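Enquirer: just coords:
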């Protein structure tokens with residue numbers, strides 16, 4: 001799927017860590033990914049996008065197994081990222097020093 005630029009995945013309760021790794025590795029032209037309510041995804045799955053070369057827009061909504069530290073890891077490792085949207089629960093709040 002080298003031509004895929006946008007991917008919206010919503011309420012896929014069986015979407016796994018290995019699925020996210022495959023997406024991150026095989027969709028190098030991905031500019032935007034929206035993950036909403038994918039209950040099995042953990043911080044390790046989100047880490048697979050750290051270092052992605054073209055990802056600009058990341059949406060994580062209704063995640064309960066992802067921490068603020070996981071988000072920071074991706075943001076610091078994904079230099080092309082310009083938009084990040086987080087909604088609803090994270091496992092723990094992001095440290096105030098990283099919110100700025």
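Expert: In hand now; what should we look at? Please read all numbers here as calculations on a predicted model, not as lab measurements.
Enquirer: Show the model's pLDDT score for residue 78.
Expert: As summarised for this prediction, residue 78 has a pLDDT of 94.
Enquirer: Let me see the contact set for it.
Expert: Residues near residue 78 by Cβ atoms under 8 Å, 6 or more residues apart in numbering: 49-52, 55, 58. In this view, the C-beta of every residue, glycine as well, is placed from N, C-alpha and C.
Enquirer: can you map out the strands along the protein?
Expert: For the chain, the strands defined by DSSP state E cover 6-10, 32-36, 57-61, 83-87.
Enquirer: Turn those strands into a markdown table, columns for mean pLDDT.
Expert: Listed next are the strands of the chain as a markdown table, based on pLDDT from 0 to 100:
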| stretch | mean pLDDT |
| --- | --- |
| strand 6-10 | 96 |
| strand 32-36 | 96 |
| strand 57-61 | 94 |
| strand 83-87 | 91 |
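Enquirer: need those in CSV with distance to residue 20 and mean neighbour count, can you?
Expert: Formatted as CSV, these follow (distance: least, Cβ to Cβ, whole Å; neighbours: other Cβ atoms under 10 Å):
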stretch, distance to residue 20, mean neighbour count
strand 6-10, 9, 13
strand 32-36, 8, 18
strand 57-61, 12, 18
strand 83-87, 16, 12
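Enquirer: Which among those is found nearest to residue 68?
Expert: Nearest to residue 68, of all the strands of the chain, is strand 83-87, at 9.1 Å by Cβ to Cβ.
Enquirer: distance of the residue nearest the centre of the chain from residue 2?
Expert: Note on the chain: the residue nearest the mean C-alpha position is residue 46, at 4.5 Å, using Cα atoms, centre = their mean. Relative to residue 2, residue 46 is positioned 22 Å away (Cβ to Cβ, to the nearest Å).
Enquirer: again with residue 27
Expert: From residue 27 to residue 2 the distance is 7 Å (Cβ to Cβ).
Enquirer: okay, the two: which has more neighbours?
Expert: Applying other Cβ atoms under 10 Å to residue 27 and residue 2 shows that residue 27 carries more neighbours, namely 20 against 8.
Enquirer: OK, contacts around the nearest residue to residue 88 once chain neighbours are set aside?
Expert: Once flanking residues are discounted, residue 88 sits nearest to residue 62: 4.6 Å by Cβ to Cβ, 6 or more residues apart in numbering. Contact analysis of residue 62 by Cβ under 8 Å, 6+ apart lists 36-37, 87-89.
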